[in-house]
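A.B. asks: Just need the structure, nothing else, for what follows:
(one chain, ligands or ions: 1)
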Amino acid sequence: MATIAFIGLGQMGTPMAANLLRHGHRLQVFDVNKLAIEALVAQGAAACTTPAAAAEKAEFVITMLPNGGLVRDVLLGENGVCQTLARNALVIDMSTIHPLQTDSLINDLAARGFSMMDVPVGRTSDHAKSGTLLLLAGGTPEQVTRAEPVLMAMGSELIHAGGPGMGIRVKLINNYMSIALNALSAEAAVLCEA
Ligand code: NAD
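C.D. replies: As a prediction, the model looks like this:
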C-alpha cells in the first residue's frame with residue numbers, strides 16, 4: 001500500500017481520498033478548509049498544515065483543485081509540494097485545468113527532477129463516492145503502470161489517453177462531446193413535441 005499526499009478535498013477530492021483510505025493506502029491530506037481535513041482524519045488520514053508537509057515521504061501526490069493557478073501554487077509555491085517531494089515520487093494532477101497550464105507544470109517539475117502526469121476524471125461526484133470515475137491518463141507507459149493500482153481505487157475505467165498532457169486534452173474533448181450531445185438531445189425533444 002502506498003503513502004499518498006492528497007491536496008484539494010472538495011466535492012470530488014473528499015470522496016476520492018476516502019476511497020483511497022478504504023483500499024488501505026496511507027493518506028496525508030491538505031486543504032485550505034480545515035473542516036474538509038477533519039472529515040478525512042476521522043476516516044484515518046493524517047492532517048497536514050501545508051502542501052509541503054503533505055508531500056513529505058509520499059510516493060504519490062494527488063491534486064484535485066479548482067484551477068491551474070492553484071495547482072501551480074500548491075506544487076511550486078512557498079510551502080509547496082516541491083519543497084519536500086522525493087525525487088522518485090509521482091505527482092498526479094486530477095483537476096480539470098487548461099492544457100497549456102498542464103504542459104508548463106509538467107515541464108517545470110521535470111526541470112527540477114520531478115515526475116508528473118495528468119489524470120483528470122469524467123462523470124460526477126456520485127461516481128467519485130462510488131469509486132466509478134472515468135480516469136483519463138496522460139503519462140508515459142511507466143507512469144500509467146505505476147499509478148494504476150492507486151487510480152483504480154477511485155475509478156472503474158482507466159483510459160491511457162497518450163503521453164503527459166494528453167489526459168486533460170481528451171477530457172476537454174469528452175466534455176465538449178457530452179455538452180454538444182445534450183444540446184442536440186434537447187433540440188430533438190423539442191422537435192418531437194412540436
Ligand atoms: P470544489 O470547489 O468542491 O473543491 C476544491 C477544493 O480545493 C476545496 O475543498 C477548496 O477548499 C480546495 N482548495 C482551494 N484552494 C486550495 C489551496 N490553495 N490549497 C489546498 N486546497 C485548496 O471542486 P470539485 O468539484 O471537487 O472539483 C475539483 C476539480 O475536479 C476541478 O478541477 C473540477 O473541474 C474537476 N471536476 C469536477 C467534477 C464535479 O462534478 N464536481 C467532475 C469532474 C471534474
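A.B. asks: Spell out which parts of the protein neighbour the ligand.
C.D. replies: 7-13, 30-33, 36, 64-66, 70, 73-74, 95-96, 121, 124-125 (CB under 6 Å from any ligand atom). (Each C-beta comes from the backbone N, C-alpha and C, glycine too.)
A.B. asks: Could you identify the buried members of those residues?
C.D. replies: Listed as buried from these are 7-10, 12-13, 30-31, 36, 64-65, 70, 74, 95-96, 121; burial here means 16 or more other CB atoms under 10 Å.
A.B. asks: Inside helices: which ones of these?
C.D. replies: Among those, the ones falling in helices (DSSP state H) are 13, 36, 70, 74.
A.B. asks: how long is stretch 128-139 end to end?
C.D. replies: 22 Å (CA to CA, to the nearest Å).
A.B. asks: I misspoke; the intended subject was stretch 16-30.
C.D. replies: With CA to CA as the measure, stretch 16-30 spans 14 Å from end to end.
A.B. asks: what do you get for stretch 133-143?
C.D. replies: Stretch 133-143: ends 19 Å apart by CA to CA.
A.B. asks: same question, stretch 28-45
C.D. replies: Taking CA to CA, stretch 28-45 runs 6 Å from one end to the other.
A.B. asks: circling back: narrow the residues of the chain next to the ligand to those in strands?
C.D. replies: Taking DSSP state E, the ones among those that sit in strands are 7, 30, 121.
A.B. asks: Was I right to think the second one contacts residue 52?
C.D. replies: Going back to what we said before, that points to residue 30. No - shown here, residue 30 and residue 52 do not form a contact pair, counting by CB atoms under 8 Å, at 9.0 Å.
A.B. asks: List phi and psi for residue 157.
C.D. replies: Residue 157 adopts backbone torsions of phi -140, psi 120, taken as degrees, to the nearest 10.
A.B. asks: try the one 3 residues further on
C.D. replies: The phi and psi torsions at residue 160 (degrees, to the nearest 10) take the values phi -80, psi 100.
A.B. asks: Ok, residue 162 next?
C.D. replies: According to degrees, to the nearest 10, residue 162 has phi 150, psi -160.
A.B. asks: how far away is it from the ligand?
C.D. replies: Taking CB to the nearest ligand atom, to the nearest Å as the measure, residue 162 falls 19 Å from the ligand.
A.B. asks: Burial check on that residue, number of neighbours?
C.D. replies: Close neighbours of residue 162, defined as other CB atoms under 10 Å, add up to 15.
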